[in-house]
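In: Turn this into a model:
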Amino acid sequence: MKRFMLLVALGLAFQALAAPPAGDMDKGSPADILQVRNVEITFHQAGSVLPSKDLELMMSLYTDDAVLTDTANGNKQYKGKDQVRHYFQDVAGPFRPQNHWIGYTPAMRIRSQVDGDKATLYFQCLWMDADKNAIGAHSFSDMTLARVNGRWLVKTISVGKVDKL
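Out: Presented below is the predicted three-dimensional model:
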């Protein structure tokens, strides 16, 4: 486990050095960008085995009328919060009981834009398999968000596989 954590730390350090300045990727006020990027942090916290997977935390990110499109499975759509929950509970790799993954996004693979109460957020996820000390999956999430009662919530999300690192 120590070796795994060292590899993750080295990978993060390398990504930070290789990443372009945040201004090249983000548009909007710094406070709004920070709040929008916190959606990505919560997304990975919810899907990661450490401290524990948390489906309720994941679902706290979505509006009641959210739409998820699974591009890895024929652009299948999940409409409404109940169907989005079904996707994460029964389809998404991070929530599968046999997967003990820890998710993170390299700094150079995230971008966001904020315009008033609407935003977009794109990031790639490296899901590290804690049991195998290897990448379990490399995926992307492409979201539109709305500010609802002061919180950024996901309205639409397209998810899928990324073929190359």
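In: how many neighbours does the residue nearest to Trp101 when sequence neighbours are not counted have?
Out: Nearest residue to Trp101, sequence neighbours excluded (Cβ to Cβ, 6 or more residues apart in numbering): Trp127, at 4.2 Å. Where you see a C-beta, it was placed from the backbone N, CA and C, and this is true even at glycine. Residues within reach of Trp127, counting by other Cβ atoms under 10 Å, total 22.
In: i'd like the first residue to be 212 from this point on
Out: From this message on, residue numbering opens at 212, which makes the last subject Trp338.
In: quick one, what contacts Trp338?
Out: 258, 304-305, 310, 312-314, 346-350 (Cβ atoms under 8 Å, 6 or more residues apart in numbering).
In: sec struct for it, please.
Out: strand (DSSP: H, G, I helix; E, B strand; the rest coil).
In: follow-up on the earlier one: neighbour-wise, give me the winner out of the contacts of Trp338.
Out: Trp312 (25 neighbours).
In: What distance do you get for that one to Phe351?
Out: 16 Å (Cβ to Cβ, to the nearest Å).
In: try Lys343
Out: Lys343 is 22 Å from Phe351, by Cβ to Cβ.
In: the more surrounded of the two?
Out: Neighbour count, other Cβ under 10 Å: between Lys343 and Phe351, Phe351 has more, with 17 against 11.
In: so the more buried one makes contact with Gln335?
Out: Yes: counting by Cβ atoms under 8 Å, Phe351 touches Gln335, with 4.9 Å between them.
In: Need the overlap of contacts for the two.
Out: Joint contacts of Phe351 and Gln335 (Cβ under 8 Å, 6+ apart) are Val373.
In: The longest strand seen in the chain pairs with which strands, parallel or anti?
Out: Criterion DSSP state E: the longest strand present in the chain is strand 345-359. Strand 345-359 pairs in its sheet with strand 329-340 (antiparallel), strand 362-372 (antiparallel), by DSSP bridges.
In: between those strands, which gets nearest to Gln294?
Out: Closest to Gln294 of these is strand 362-372 (Cβ to Cβ; 12.1 Å).
In: Mind listing what's buried along that closest one?
Out: Of all the residues in strand 362-372, those buried under the rule 16 or more other Cβ atoms under 10 Å are 363-370.
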